[in-house]
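Asks: what shape does this take:
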Amino acid sequence: MTRYVLGAVVSDHDSSVCLLADGKMVGCVSEERLCRVRHGDPRNSIRRAMSAVLAEAGIELPEVAAIFCDTDHFFPPGEEPVEVFPDYPHKERIYQITHHLGHAASAFLPSPFDEAAFLTVDASGGIAPVVGDRDVKRYWTFTPRELSFMEQGFQAAHAHSPLGELLERLPGGEARNYPAESLTVGYAKRGGKIVELADHFADGSLGYLYALCSHFLDMEEGSFMGLASHGHPTELCDAMKEVIVLEPEGRVRIDDRWMRYWQDEYVLDDPVAIKRLTDHFLKSFGPGRKFFGAITQKHMDFAFAVQQRLEEALVHVTAHLYNMTKMDNLVMAGGVALNSVANGVVLAKTPFSNIFVQPAASDDGLALGFAQFGDYVLAGLPKAKSFTMGSACTGPDRDGEIDAFVESLRQGTLPVEYVDSLPYVERVDVLWKGPNDTEYERTAMLRTGPHKHVAHLPIGPRGGIEYKFEIFARHPEDYEKPAAAAPVAKNGRAAIAEVEQPEYVDPNRPTDPFEMFLYDHRDVAGVLDGERAFVGPEQVTIDPTNLCDNNCLACWTKSPLLSRFAPPQEWHRQTLPEDLMHGLIDDLADLGTQRVRFTGGGDPFVHPKMIEFLEHVKERGMIACVTTNFTSITQKKVHRMAEIGVDEITASVWAGTPDMYARSHPAKTQKSFWQIESFLRELCAAKKPHMQVVVANVLFSMNYMETREMLDFALRVGADGVYYTVVDSVAKPTDGLLLTPPHLSVLRSHLDEVKQRVDDENQTRPRPFILDNFDGLIRRLDAVGATRGDYDRQTVDAIPCYIGWIFARITADGKVAPCCRGSNMPLGDLHEQSFKEIWHGHLYRHFRKMALNEKKSHPFFKPIQCHRTCDNLMHNENHHRKMMRITAEEKRHLIDFVVNGGSR
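Replies: Got it, this is the predicted structure:
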């Protein structure tokens, strides 16, 4: 019986799967090769790669003898663990393998050598503590069963600590703060164990250093290596020798005077962030290259110095490795092993005669290493080679598919297939039309596997066919048929000039100037106190429901790219009860809240009582705002919003043309775009003078070129402004939507045109058309980490965080969050307490104290991830300006009469 073994890397940035049959290669492929999104789609998905290699063997997953991987669970922030292999019935045959063992196995076992020394060198990976059994698993851990299996074929240089011992050493810490390995050396002989002789921790990581220096010049590592060839020896080479220190016995150390790895007792959240560089580094090497800045000779010389020192470090390590092993052959793996220039220097300057580096030496090669090591142990450590890699062409064979596809075309049909990207898919229809057709026809697709659907579409005599998929999940929403677009209103643009910003009028505000000052600055008094709040939040965002009838590609919760990592169906059904909502609105009004915005994980207008909530907010004298995708809107609701006088209406469209809208919203069609345009025109024509309509657009790799068309759309419907922001990827599943440097270059050029057009338009307007938070957008685009979605790292800690005094978010499950991104840090539950009780409670007071005094990289803020991106930055900056306007005498008055409760 054939022994099938599956290897998978699912927790890293390069997901991949490998399948072996009796040790022979069946297939090995990276997820990104199949989903066409760099680094995978999403990061923790391997469904395409796994389906491909299983199809090559003609088997299903339960037929696999064992699975070897880096983790069998994915841990979404703040959520319950998600199984990576839910369809595999033999859980006891799933083994987690350490990161650097995977690298070592991927270097030696597919090599042509019977014995070899090995070097694995990368950024970091793979030491985790030991737990008693899988049921108590909470962090990245190994069970005794898994360690016992690894010990059959691997002798480690470093023992794994028990979880309890680790947490005693790091009170309040987590296992991820245990320093991982970045470099290991050892040897291997076929028929015996892979022996690790020494390991180096990540605080001396050559991979982190090389990546950080690459980011310092705003480029990736491959480009940085190429740039080094244009540099020359300078004094920078001497400085770099102080950064990377070569120590006895083949060890290397990164001098912490130049780069930091620890923050207090914790590992830095992002070891390749520029914040790792010390002042000493910046003074010695100068400022880094600005985003899209010119590459100077000093930049080239800097790259030369780093590359040269890396080569010297690798020669130092491998020369000592040769002295320990006296073997002729060297095998290498890990991301640093992709530095082919350094590899050549190692071969030339050490006694090794031969060197082997397999093409997938980076983390995508771990799947190969895991599978080969697992099979090597299951086979009893055989002396004979089972597979030698002679080619990188290990992906699925397409010859048969191509022949079948061509034959189908000859017979006049186009075969199409869909692999489920949404959870709980019940059926898939394909909408198609020929070159002369005006309407789409619908064909139900045939399910041919657990997650696969196929259909054959007829091709007419003239050829050509256009098609798209419509997916129906277990709880499909009703879709309204869009109405035809209304004609352009001649006075549509003129209405912009009449708009006035909504103003909050507080009936309780005193008339005495001194009392008025104290009343208006109660929020400032709270900051001066440091914990307590003397007035409610100025603005509150409420998620009435998580239900939505759309699935925007860049959405945090409904994007089809999220696949099984989307929120569970229970989350999507969460809705705030009517009585709770009305009680909340009254609480907010009593506390002095000025502005209430309805938005959220779903669309507010899916809630059946949304209009009543808006009416209640207006009745209590607060500013009523709503953000909606406008696909749940009806004509009646449009006119009711105008009658009520909803102060701010934000329409999330994310496209400037019908075609782009349909492409970026897979559940919708071009007609949906026309319906939105029609309703927006009606609203802008019917709204009262104080009302404001803004068209919002999230920019990502698909729609970034349509900013000018988005402006045209906003002007065409008679809106009062347009808002652009950049996509915020969700734990990597939507990383393929992030903007790359070429995207950003085009986008900046188009935004310059948008700004100029608006400036020209506003020359003739009594009230200007609004480019909402345009400066904030430009700042994010210019951020060093913009291409990684790290938009606010450089600014989020520039000023204190006051958000605990001025803002709150209510999620659809009734939880009270301190900020837009704070749903994973609830401070109370409206089903158990009133908002007033939560607002003045001890959890809120503790949050305010931490937010005001600690940096956002502090572990306390890990659930929010605000050190990377802050959606309340504009609110916080506005309040900071208010704080800075207060004089010392005014602060004294606020402390005396508000904080301490004194009287005049």
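
Asks: excluding residues flanking it in the chain, which one is nearest Gly464?
Replies: Pro435 (4.3 Å; C-beta to C-beta, 6 or more residues apart in numbering). Backbone N, C-alpha and C define where each C-beta goes, glycine included.

Asks: hmm, the one you found is touching Ile459, no?
Replies: No - checked against C-beta atoms under 8 Å, the pair Pro435 and Ile459 is beyond contact range at 10.2 Å.

Asks: which residue ranges form the helices in the stretch 351-500 of the chain?
Replies: 366-378, 399-410 (DSSP state H, counting those that start in this stretch).

Asks: next, format those helices as TSV and append mean pLDDT, distance to Met641 and mean neighbour count.
Replies: Formatted as TSV, the helices of the stretch 351-500 of the chain follow (pLDDT from 0 to 100; distance: least, C-beta to C-beta, whole Å; neighbours: other C-beta atoms under 10 Å):
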stretch	mean pLDDT	distance to Met641	mean neighbour count
helix 366-378	97	53	28
helix 399-410	88	51	11
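
Asks: distance to His73 for the ones you listed - can I get that in TSV?
Replies: What follows is the helices of the stretch 351-500 of the chain, written out as TSV (distance: least, C-beta to C-beta, whole Å):
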stretch	distance to His73
helix 366-378	16
helix 399-410	33
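
Asks: show me the helices in the stretch 501-650 of the chain, by range?
Replies: Ranges of helices in the stretch 501-650 of the chain, per DSSP H, counting those that start in this stretch, are 513-520, 522-529, 569-572, 578-591, 610-619, 635-644.

Asks: among those, which is nearest Thr184?
Replies: helix 569-572 (41.3 Å; C-beta to C-beta).

Asks: now do the buried residues in the closest one.
Replies: By neighbour count on 16 or more other C-beta atoms under 10 Å, the buried set for helix 569-572 is Trp571, His572.

Asks: please save the CA atoms from that helix in PDB.
Replies: Presented in PDB, the C-alpha positions along helix 569-572 are these (Å, rounded to 0.1, in the frame of the first residue of the first chain):
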ATOM      1  CA  GLN A 569     -21.900  32.700  10.900                       C
ATOM      2  CA  GLU A 570     -22.900  33.400  14.500                       C
ATOM      3  CA  TRP A 571     -21.000  36.700  14.300                       C
ATOM      4  CA  HIS A 572     -22.600  37.700  11.000                       C
END
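
Asks: could I get the average pLDDT for it?
Replies: The pLDDT scores in helix 569-572 average 86.

Asks: next: stretch 413-427.
Replies: For stretch 413-427, mean pLDDT is 75.

Asks: start to end distance for it?
Replies: This stretch, stretch 413-427, spans 21 Å end to end (C-alpha to C-alpha, to the nearest Å).

Asks: so what sits opposite the nearest residue to Val617 once chain neighbours are set aside in the bridge?
Replies: Nearest residue to Val617, sequence neighbours excluded (C-beta to C-beta, 6+ apart): Ala624, at 4.2 Å. Judged by DSSP bridges, the bridge partners of Ala624 are Val596.

Asks: wouldn't Ala624 be in contact with Glu612 here?
Replies: No - assessed by C-beta under 8 Å, Ala624 is found out of contact with Glu612, at 11.7 Å.

Asks: between these two, who's got more neighbours?
Replies: Ala624 (26 against 15; other C-beta atoms under 10 Å).

Asks: and the strands in the stretch 101-250 of the chain?
Replies: Taking DSSP state E, counting those that start in this stretch, the strands of the stretch 101-250 of the chain run over residues 115-125, 154-155, 181-189, 194-201, 244-247.

Asks: now the last one: average pLDDT?
Replies: I take that to be strand 244-247. 95.

Asks: for whatever helix or strand comes next after that strand, output the C-alpha coordinates as PDB.
Replies: For strand 244-247, the following helix or strand on the C-terminal side (DSSP states H and E) is strand 251-254. The C-alpha coordinates for strand 251-254 follow below in PDB (Å, rounded to 0.1, in the frame of the first residue of the first chain):
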ATOM      1  CA  ARG A 251      29.100  32.600  16.800                       C
ATOM      2  CA  VAL A 252      27.900  36.000  15.700                       C
ATOM      3  CA  ARG A 253      26.300  38.800  17.700                       C
ATOM      4  CA  ILE A 254      24.400  41.900  16.800                       C
END
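
Asks: 503 is where my numbering starts, stick with that
Replies: I'll keep to 503 as the first residue from here, and by that count the last item is strand 753-756.

Asks: next, the buried residues of strand 753-756.
Replies: Arg753, Val754, Ile756.

Asks: do the same with stretch 839-846
Replies: Using 16+ other C-beta under 10 Å as the test for burial, stretch 839-846 gives Ala839, Leu840, Asn841, Ala844, Asn845.

Asks: among those residues, name the ones in helices.
Replies: Counting by DSSP state H, these place Ala844, Asn845 in helices.

Asks: give the contact list for Glu562.
Replies: Leu556 (C-beta atoms under 8 Å, 6 or more residues apart in numbering).

Asks: likewise the one 3 residues further on?
Replies: Counting by C-beta under 8 Å, 6+ apart, Glu565 makes contact with Tyr506.

Asks: many thanks, we can stop here.
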